[in-house]
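Asker: Here's my sequence, what's the structure:
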Amino acid sequence: MLAFYYGDAGPPGPNDVHIGKVAIVMPIGRILLVRKDSVYCAIKFLRLWSENSSEISTIFVASGSDEYAICDLYYQGDNTGDFNKKNVEYKKEELSFSKPRGIGRLAFSFGNKEIKCETISLLWSGKGSVHFYGESQKQGDYGIELAPTKWTHISQVNVFDPRLKWLRYDENRKRVNIPVDDLWEDN
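Answerer: Next comes the predicted model:
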């Protein structure tokens, strides 16, 4: 099942980061950092909507709706993690997640569910969700780490900021919702 499961934590509010076992759900306009080894990527959702609504005012969408997103992707592959350098690659990505069509095992969901940031591929399953693995991979730890941030502009990004909490796939992690303003202790 691809749809994101919130579990006991419930759906996040519009300014919450949801940290789950297999994915992180980010609010619109905030940057999620991605790293694998010394390769870095930054993702910022600009717009989320469903087939029944032109805008999603909260991150939660009723299940059974086709969902869409537009996000900014920044890639820094020179091993420096410096997003202010001129060699940073940028692209705007359109994502889509359609409700399954068909019957039983013959049901399929189409769309662009893969966030592709050069050498790193991550599954998007609607809302502001980013999984720790790609669409063609089974759930598991592939060495990809995600760090939710308060930052809203790429010029603010410092991948070595000690306040960042880098997370990996963790089947035992308890699901939590954290207000974006509470991500770092120094508010």
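Asker: tell me which element the residue positioned nearest the centre of the chain is part of?
Answerer: In the chain, the residue lying closest to the centroid (CA atoms, centre = their mean) is Val130, at 2.7 Å. Secondary structure from DSSP states H and E places Val130 in strand 129-131.
Asker: what's the longest strand along the chain packed up against?
Answerer: Once the chain is assigned using DSSP state E, the strand that runs over the most residues is strand 39-50. Judged by 3 or more CB pairs under 8 Å, 6 or more residues apart in numbering; DSSP states H and E, strand 39-50 is in contact with strand 31-36, strand 67-76, strand 114-117. Bear in mind the C-beta positions are built from the backbone N, C-alpha and C, glycine included.
Asker: ok, the strand holding Val130: who's next to it in the sheet?
Answerer: strand 23-25 (antiparallel) (DSSP bridges).
Asker: now the strand it pairs with: how far from the chain's centre is it?
Answerer: 6 Å (CA atoms, centre = their mean, to the nearest Å).
Asker: Show me what counts as buried in it.
Answerer: Applying a neighbour-count criterion of 16 or more other CB atoms under 10 Å, one finds 23-25 buried in strand 23-25.
Asker: quick one: the strand holding Val130 to chain centroid distance?
Answerer: 4 Å.
Asker: Tell me which helix or strand comes right after it.
Answerer: Past strand 129-131, the next helix or strand by DSSP H and E is strand 144-148.
Asker: pretty sure Val39 contacts Asn79?
Answerer: Yes - using CB atoms under 8 Å, Val39 is in contact with Asn79, at 7.3 Å.
Asker: Show me which of these two is the more surrounded one.
Answerer: Under the criterion of other CB atoms under 10 Å, the comparison of Val39 against Asn79 puts Val39 first, with 18 against 10.
Asker: how about that one, what does it touch?
Answerer: Applying CB atoms under 8 Å, 6 or more residues apart in numbering to Val39 gives the contacts 76-77, 79, 118-120.
Asker: Mind doing that once more with 10 Å?
Answerer: Counting by CB atoms under 10 Å, 6 or more residues apart in numbering, Val39 touches 75-79, 81, 117-120, 144.
Asker: what bridges to it?
Answerer: Lys36.
Asker: Please shift the residue numbers so they start at 7 in all later answers.
Answerer: Renumbered: residue one is now 7, and that last one reads Val45.
Asker: Please report how far it lies from Gly87.
Answerer: According to CB to CB, to the nearest Å, Val45 stands 9 Å off from Gly87.
Asker: for Gly26, same thing?
Answerer: 25 Å.
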